[in-house]
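J.: Any chance you can model this:
(one chain, ligands or ions: 2)
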Amino acid sequence: MTDLPGIVVTGASGRMGQMLMRTVLESNRARLIGAVERQGHDWIGRDVGEAMGGGAVGVKVSDDPLEVFARAHAVIDFTAPAATVEFATLTAQARAVHVIGTTGLSGADLAKLKAAARHAVIVRAGNMSLGVNLLTQLTKKVAAALDEDYDIEVIEAHHNQKVDAPSGTALMLGQAAADGRGVSLDAASDRGRDGITGKRERGHIGFSAIRGGDIVGEHDVMFAAAGERIILRHIATDRAVFARGALKAALWGLGRKPGEYDMLDVLGLTEN
Ligand SMILES: NC(=O)C1=CN([C@@H]2O[C@H](COP(=O)(O)OP(=O)(O)OC[C@H]3O[C@@H](n4cnc5c(N)ncnc54)[C@H](OP(=O)(O)O)[C@@H]3O)[C@@H](O)[C@H]2O)C=CC1
Ligand SMILES: O=C(O)C1=N[C@H](C(=O)O)C[C@H](O)C1
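T.: Numbers count the residues shown, from 1 in each chain. Ligands and ions are numbered 1, 2, ... in the order given. Next comes the predicted model:
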């Protein structure tokens with residue numbers, strides 16, 4: 001058991017942090033060796049199993065990421081942009097694999113991750129589920145097959161605690177549609193319509209976000225033309241799909257060359 005890869009989970013008390021720790025604890029392919037929360041959090045120093053309301057598992061929550069990362073093979077990080085950028089530097093110093101699920105990262109944040117990936121393996125995706133990653137490939141194919149008579153709209157729905165929009169998944173799907181069409185997403189994207197917006201521009205890729213209740217994550221890519229609509233849809237009903245993907249990514253990353261990877265690499269869905 002002790003020679004299994006050691007995994008650290010950051011943002012331990014979060015919705016995904018708890019799901020990730022349970023997934024690692026239940027796995028026979030990895031072991032949980034650490035959990036990180038920010039300084040002053042009331043979980044610091046507590047056993048993670050007890051903090052989650054169960055029995056002790058022998059892993060205490062720490063507020064010292066550098067010390068914990070130094071003992072890890074991989075760090076799984078679903079937190080917030082500022083934390084993820086800081087953890088990328090520390091993970092690279094520790095030469096551990098950094099699996100990043102955090103969304104809402106800015107261009108400047110992404111540049112810092114790129115710098116960290118010169119020394120470490122980073123696997124990052126706005127959605128770690130098999131289903132969504134497959135959907136990006138389908139979206140790209142459908143977008144490539146249709147012309148601009150088909151208006152592309154990405155519609156996402158999430159729980160009322162989500163802080164970023166559009167979701168990371170919506171942006172992945174929008175990027176896939178733009179790639180399929182051979183256009184720049186930055187130039188084509190249409191976000192946040194409100195008021196007298198004018199008519200929809202031909203060729204634009206629109207984004208809409210719904211927030212409510214406990215919705216785990218739902219994404220539609222709509223191709224709307226005169227007389228018909230095609231809708232590609234993914235519905236996540238359990239955060240376990242993201243956690244399973246993240247653990248798979250952590251194990252896949254072990255022994256890889258430093259660089260930035262995504263779930264298409266992990267799942268073998270990249271095109272030749
Ligand atoms: N890629 C994927 O497949 C998925 C990605 N996500 C993304 O994962 C992220 C987390 O989601 P979720 O678990 O729902 O969010 P939560 O708010 O439930 O959890 C976030 C955790 O990160 C911690 N955190 C936030 N900022 C910092 C900081 N600066 N330093 C240290 N810790 C920090 C929070 O601590 P505190 O409470 O003290 O702020 C909390 O424990 C989001 O970006 C979300 O979009 C979610 C699901 C799937
Ligand atoms: O915040 C969430 O909950 C989710 N975030 C990711 C995103 O931004 O797409 C993935 C999933 O949809 C859940």
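
J.: any weak-confidence spans in the stretch 151-272 of the chain?
T.: Low-confidence segments of the stretch 151-272 of the chain (pLDDT under 70): 272.

J.: Show me where it has its strands.
T.: 151-158, 189-191, 205-211, 217-225, 228-236, 259-261 (DSSP state E, counting those that start in this stretch).

J.: can those strands go into JSON lines with extra columns for mean neighbour count and distance to Lys199?
T.: (Glycine included, C-beta is placed from N, CA and C.) Listed next are these as JSON lines, based on neighbours: other Cβ atoms under 10 Å; distance: least, Cβ to Cβ, whole Å:
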{"stretch": "strand 151-158", "mean neighbour count": "23", "distance to Lys199": "11"}
{"stretch": "strand 189-191", "mean neighbour count": "17", "distance to Lys199": "11"}
{"stretch": "strand 205-211", "mean neighbour count": "18", "distance to Lys199": "12"}
{"stretch": "strand 217-225", "mean neighbour count": "19", "distance to Lys199": "14"}
{"stretch": "strand 228-236", "mean neighbour count": "14", "distance to Lys199": "18"}
{"stretch": "strand 259-261", "mean neighbour count": "18", "distance to Lys199": "39"}
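
J.: can you list the domains in the protein?
T.: 6-128+239-267, 130-236 (the TED database).

J.: which of these is buried the deepest?
T.: domain 6-128+239-267 (a mean of 20; mean count of other Cβ atoms under 10 Å).

J.: from what I can see His158 touches Asp214, true?
T.: No: at 9.6 Å, His158 does not count as touching Asp214 under the criterion of Cβ atoms under 8 Å.

J.: so what's the nearest residue to Ala12 once chain neighbours are set aside up against?
T.: Distance criterion Cβ to Cβ, 6 or more residues apart in numbering; nearest residue to Ala12, sequence neighbours excluded, is Ala35 at 3.9 Å. Going by Cβ atoms under 8 Å, 6 or more residues apart in numbering, Ala35 touches Val8, Val9, Thr10, Ala12, Gly17, Met21, Val48, Val59, Lys60, Val61, Ser62, Val68.

J.: With Val266 instead?
T.: Counting by Cβ under 8 Å, 6+ apart, Val266 has contacts Val123, Gly245, Lys248, Ala249, Trp252, Gly253.

J.: try Pro166
T.: Val154, Glu156, Gly174, Arg191, Phe207, Ala209.

J.: One more pass at 10 Å, please.
T.: For Pro166, the contacting residues are 103-104, 126, 154-156, 158, 172-174, 189, 191-192, 207-209, 219, by Cβ atoms under 10 Å, 6 or more residues apart in numbering.

J.: and the gap between it and Pro65?
T.: From Pro166 over to Pro65 the distance is 29 Å, taken as Cβ to Cβ, to the nearest Å.

J.: Check Gly53 too.
T.: 24 Å.

J.: What pLDDT does the model give the nearest residue to Glu86 once chain neighbours are set aside?
T.: Excluding the flanking residues, the one nearest Glu86 by Cβ to Cβ, 6+ apart is Pro65, at 7.8 Å. Pro65 carries a pLDDT value of 98.

J.: so where do the strands sit in the stretch 1-150 of the chain?
T.: Using DSSP E, counting those that start in this stretch, strands in the stretch 1-150 of the chain cover 6-10, 31-36, 61-62, 74-77, 97-100, 121-124.
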